[in-house]
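> Build the 3D model from these lines:
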Amino acid sequence: MSGAGSILTEQRNPRSTAIDTMDALELVDLINSEDASVAAAVAREREAIARAVEIVVERFRRGGRLVYVGAGTSGRLGVLDAAECPPTFGTDPDMIVGLIAGGHGALVRAKEGAEDDRDSGASELAGLGVGPDDVVVGIATSGGTPYVQGALEEAKSRGAATVFLCCTPVDDGLTPVDVSISPLTGPEVVTGSTRMKAGTATKLVLNTITTTAMVLSGKTYENLMVDLQATCDKLRDRACRILAETTGLSYEEAGQAIAAADGSVKAAIVMVKAGVGLDEARRRLDESRGFVRRALEPDGA
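As a prediction, the model looks like this:
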């Protein structure tokens, strides 16, 4: 890309020009002080992030998917966020999907040239069968990554909702999208190393999008992850502690109640707190669209 030096994330940071003269503590302090500005940059995009969440929730209610598309660090963060949702919120692995330029091999070994393949972004998105019920989030911290732009163009042509997340002012010449999120984190400590502040901002935004969408989809009760998948000792322990805390049962009784609920923490909470059987708990949860608090109301809806 010609003129890349004009991109915000590619500019030199005047506060770090002497880093090659600093000792370890000075470098740690400098990086920490730069990182301290990231949360404020994300906060300035709060309204755009909320609009993106509303689109995601609406697509989920239609049975659609959230698809992240990115290259390099951006792609890895999208894949990471997608991978973390099933164990945390009990989502189907196909509900939130991450695509990275260069394929899954690029998760562990950089494939820098893959980001320039616009056609690959389009074809990989087409391969998912993306349509009007889906939302595609393109992630490109420095702006117009061809792989991401190709995917967004394909998404638009298929009627999907589109969101673009970058850390530089959006170029009017890029693919039009429904929502643009642009936390302007400024020049990096090491010029152009967007795995640093821009990467941190990206992680914060993606965490916020999926966590907020999950809460608004009934995946929590109070602030507890009641739709978790108890697939390991840590999560089985967490499930028992959640039920014990919300119902007053002992840890051992909680384990028995979860077993009686066929492993569903949500159903177990409703069974214990409402004094109903499993079938009735399931009915209430179905009528309340999975929201435990609503399922506990007198009419179960």
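> what domains does the record give for the protein?
4-215, 233-295 (automatic domain parsing).
> now the helices for the protein?
Taking DSSP state H as the criterion, the chain carries its helices at 24-35, 38-43, 46-61, 72-89, 118-127, 146-157, 197-215, 233-247, 251-260, 265-274, 278-287, 292-295.
> and those as a markdown table, adding distance to G102, mean pLDDT and mean neighbour count?
(Glycine included, C-beta is placed from N, CA and C.) Shown next, in a markdown table, are the helices of the chain (distance: least, CB to CB, whole Å; pLDDT from 0 to 100; neighbours: other CB atoms under 10 Å):
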| stretch | distance to G102 | mean pLDDT | mean neighbour count |
| --- | --- | --- | --- |
| helix 24-35 | 28 | 96 | 13 |
| helix 38-43 | 26 | 97 | 16 |
| helix 46-61 | 26 | 98 | 18 |
| helix 72-89 | 8 | 94 | 21 |
| helix 118-127 | 9 | 93 | 18 |
| helix 146-157 | 9 | 95 | 24 |
| helix 197-215 | 17 | 97 | 22 |
| helix 233-247 | 32 | 92 | 17 |
| helix 251-260 | 41 | 94 | 16 |
| helix 265-274 | 38 | 95 | 24 |
| helix 278-287 | 41 | 95 | 17 |
| helix 292-295 | 41 | 96 | 20 |
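> Export these to TSV and append columns for distance to V190.
Output for the helices of the chain, formatted as TSV (distance: least, CB to CB, whole Å):
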stretch	distance to V190
helix 24-35	9
helix 38-43	15
helix 46-61	27
helix 72-89	13
helix 118-127	27
helix 146-157	23
helix 197-215	10
helix 233-247	36
helix 251-260	48
helix 265-274	44
helix 278-287	50
helix 292-295	46
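> Nearest to E10, out of those?
If you check each of the helices of the chain against E10 by CB to CB, helix 197-215 wins as the nearest, at 10.6 Å.
> The closest one to helix 24-35, inter-axis angle?
If you take axes from the mean of the first three to the mean of the last three CA atoms, to 10 degrees, helix 197-215 sits at 50 degrees to helix 24-35.
> which helices and strands sit right next to helix 197-215?
Packed against helix 197-215, as judged by 3 or more CB pairs under 8 Å, 6 or more residues apart in numbering; DSSP states H and E, are the following elements: helix 24-35, helix 38-43, helix 46-61, strand 66-70, helix 72-89, strand 135-139, strand 161-165.
> The residue nearest to the spatial centre of the chain: what's it in contact with?
Nearest to the mean C-alpha position of the chain, counting by CA atoms, centre = their mean, stands L206 at 3.5 Å. By CB atoms under 8 Å, 6 or more residues apart in numbering, the contact set of L206 is Y68, L77, G78, D81, I139, L165.
> and with 10 Å instead?
Residues in contact with L206, defined by CB atoms under 10 Å, 6 or more residues apart in numbering, are 49, 68, 70, 74, 77-78, 80-82, 84, 98, 137, 139, 165.
> circling back to that earlier point, looking at the helices of the chain, which is closest to L8?
With respect to L8, and counting by CB to CB, the nearest of these is helix 197-215 at 9.2 Å.
> Measure how far that closest one is from the centre of its chain, please.
Distance, stretch centre to chain centre, for helix 197-215: 5 Å (CA atoms, centre = their mean, to the nearest Å).
> what's the angle between it and helix 46-61?
50 degrees.
> can you state the direction angle for helix 197-215 and strand 66-70?
Using the same axes, to 10 degrees: helix 197-215 against strand 66-70 is 170 degrees.
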